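Novice: Compute the structure for the input listed below.
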Amino acid sequence: MDYEKVIGENTIKKMLKYDLTTKLVKIHESKRVEFKENFNFKNKKDYYKAMSAFANANGGYIFFGIKDKPRLLQGLSDDRFEEFNNMKFEDFTVDLNNFFSPEIKWESNSIIFEDNLKIGVIYIYESDTKPIICKRRYESKDKKSNTIEGEIYYRYYARNDKIHFDDLLKIINQEKEKESKKWINLFSKISKIGVDNVGLLNFNTGVFSAGKSSIILDEEMLSTVKFIKEGEFNERKGIPTLNVIGNVEIKQGKVVVVPEKLKIKGIRINDIICDFLEQKEIANPIDYITQICHESSGNLPIYYYISKSTKTISEIINIIKEEVSRSQSKAFLLKRLESKKINQEIIKQTTSVKGEYCNDIIVHLKMFDIEYIEEKYDIYQFLSAVLVMNKKDIFDTKSILFRVLKSSYIKYYQIDSKFAPRFRKAICWIDEALYMIKN
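Specialist: The predicted model follows:
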């Protein structure tokens, strides 16, 4: 997640809009926001419970220098502000992770407003591995900050509390689903490659085993494939996946793997949509573009794939014209490209019911407060808000947009006939806003 978009000065100042006379900030404490009147590094353990609660939920912000009830932006004193600026990130992190596991990831920043009001802010990332569990007891003067070994904390609206059963069950099921998807994805890839063509690479020993044979990769080569361990197993990326389909050669005592270029087959609408929403690096973008000509709808993201190719819009148009297809999608796609038609919608009356809820959704998207949006609005209202967003807002919130849209695609696309066209229109507008270049 981009540091500037999450915790940069411009982002924080937009979030903390306040009345210049009363100094009251407009946002409340919420599932994503907590206010602290002061900061004291010696009492850093008082902040750990909140940080673990945010990490177990959807991430969030702790603002130092803002008093709650009323929501007064009073700022930190010069001494406290300097202490916040000079806190040792590594010491804080080591101590935090001595109290909680798995690791809690966080960032900090300090902001000075125009009237010299100084605040500190800590942003806690949503954990990739849940739940975060307390390992040590801590007793604070503020009993709300106490921690007990074995407990799990969760961020509810304006409070950090022991996790409720339903939320813990949800986390457990989500972790099971993530693990299952990894296995399913792995077996799917193996089935395409063929069991006899698959080998296993042990990153600890450097031994690559295939059937009865094995080879040892030297440390230099292991470092060049490190990203495989950290990234994804995807046969579309050729060399990055280390699919050993090509030749294995010995040169100067070193093992050199030279994979063949893979020919991709079977691209369908699911690949076109999901690979766009996941912003995957595509080795064969022209195949994706021509496949749209054969789908039931030509209203699919295309400019992303054009940006991944070396072709101009005019060259892409010629390629599409030469594609043999009976589907009307080809003609529709050509019309989109030639007319530079965009999918954005305009709300003429911002005070209308639609205008108000779209604006509210966009405001909370900028705050990355997706929980608020999901609890208050349905998916159709969310898509309406996406369709009226401007390019800058889409760019600033694209990471969370892609995440929500991918989730909704999985849930509704195959079962809701009304959802599908609206969804395609929304992702096409995002595609156009981010990647269309008008010549």
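
Novice: alpha carbons only for contacts and neighbour counts from here, please
Specialist: Noted.

Novice: what's the residue nearest to residue 53 when sequence neighbours are not counted in contact with, if anything?
Specialist: Leaving aside its chain neighbours, residue 53 sits nearest to residue 154 (3.9 Å; criterion: Cα to Cα, 6 or more residues apart in numbering). Each residue near residue 154 by Cα atoms under 8 Å, 6 or more residues apart in numbering is listed here: 52-57, 160-163.

Novice: Compare the residues you listed and tell me which is most surrounded.
Specialist: residue 52 (33 neighbours; other Cα atoms under 10 Å).

Novice: Any idea how far the helix or strand encompassing it is from the middle of the chain?
Specialist: Using DSSP states H and E, residue 52 falls within helix 48-56. Remark: helix 48-56 is offset 19 Å from the chain centroid, using Cα atoms, centre = their mean, to the nearest Å.

Novice: Pull out the buried positions in stretch 275-283.
Specialist: Within stretch 275-283, the residues that count as buried by 16 or more other Cα atoms under 10 Å are 275-277, 282-283.

Novice: can you redo those as a markdown table with secondary structure?
Specialist: Listed next are the buried residues of stretch 275-283 as a markdown table, based on DSSP: H, G, I helix; E, B strand; the rest coil:
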| residue | secondary structure |
| --- | --- |
| 275 | helix |
| 276 | helix |
| 277 | helix |
| 282 | coil |
| 283 | coil |
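
Novice: Pick out the most distant pair among those.
Specialist: Farthest-apart pair in the buried residues of stretch 275-283 is 277 and 283; separation 16.2 Å (Cα to Cα).

Novice: show me where the stretch 1-150 of the chain has strands.
Specialist: Using DSSP state E, counting those that start in this stretch, the strands found in the stretch 1-150 of the chain span residues 33-36, 60-64, 66-67, 72-73, 100-101, 106-112, 118-124, 133-134.

Novice: Need the residues that contact the fifth one.
Specialist: Defining contact as Cα under 8 Å, 6+ apart, one finds that strand 100-101 is touched by 52, 132-136.

Novice: Mind listing the strands that strand pairs with, and their directions?
Specialist: For strand 100-101, the paired strands and their directions (DSSP bridges) are strand 133-134 (antiparallel).

Novice: what's the following helix or strand after the helix or strand that residue 382 is a member of?
Specialist: Assigned by DSSP H and E, residue 382 belongs to helix 379-388. As assigned by DSSP H and E, the chain's next helix or strand after helix 379-388 is helix 391-396.

Novice: in that following helix, what counts as buried?
Specialist: 394, 396.

Novice: Then stretch 325-336?
Specialist: 325, 329-330, 333-334, 336.

Novice: Extract the CA atoms of that stretch and return them as PDB.
Specialist: Extracted as PDB, the C-alpha positions of stretch 325-336 are listed here (Å, rounded to 0.1, in the frame of the first residue of the first chain):
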ATOM      1  CA  SER A 325     -15.400 -13.400 -34.700                       C
ATOM      2  CA  ARG A 326     -19.200 -13.800 -35.000                       C
ATOM      3  CA  SER A 327     -19.700 -12.100 -31.700                       C
ATOM      4  CA  GLN A 328     -21.100  -8.600 -31.600                       C
ATOM      5  CA  SER A 329     -18.500  -7.800 -29.000                       C
ATOM      6  CA  LYS A 330     -15.900  -7.200 -31.700                       C
ATOM      7  CA  ALA A 331     -18.000  -4.300 -33.300                       C
ATOM      8  CA  PHE A 332     -18.800  -2.900 -29.900                       C
ATOM      9  CA  LEU A 333     -15.100  -3.000 -28.900                       C
ATOM     10  CA  LEU A 334     -14.100  -1.200 -32.000                       C
ATOM     11  CA  LYS A 335     -16.700   1.400 -31.500                       C
ATOM     12  CA  ARG A 336     -15.400   2.000 -27.900                       C
END
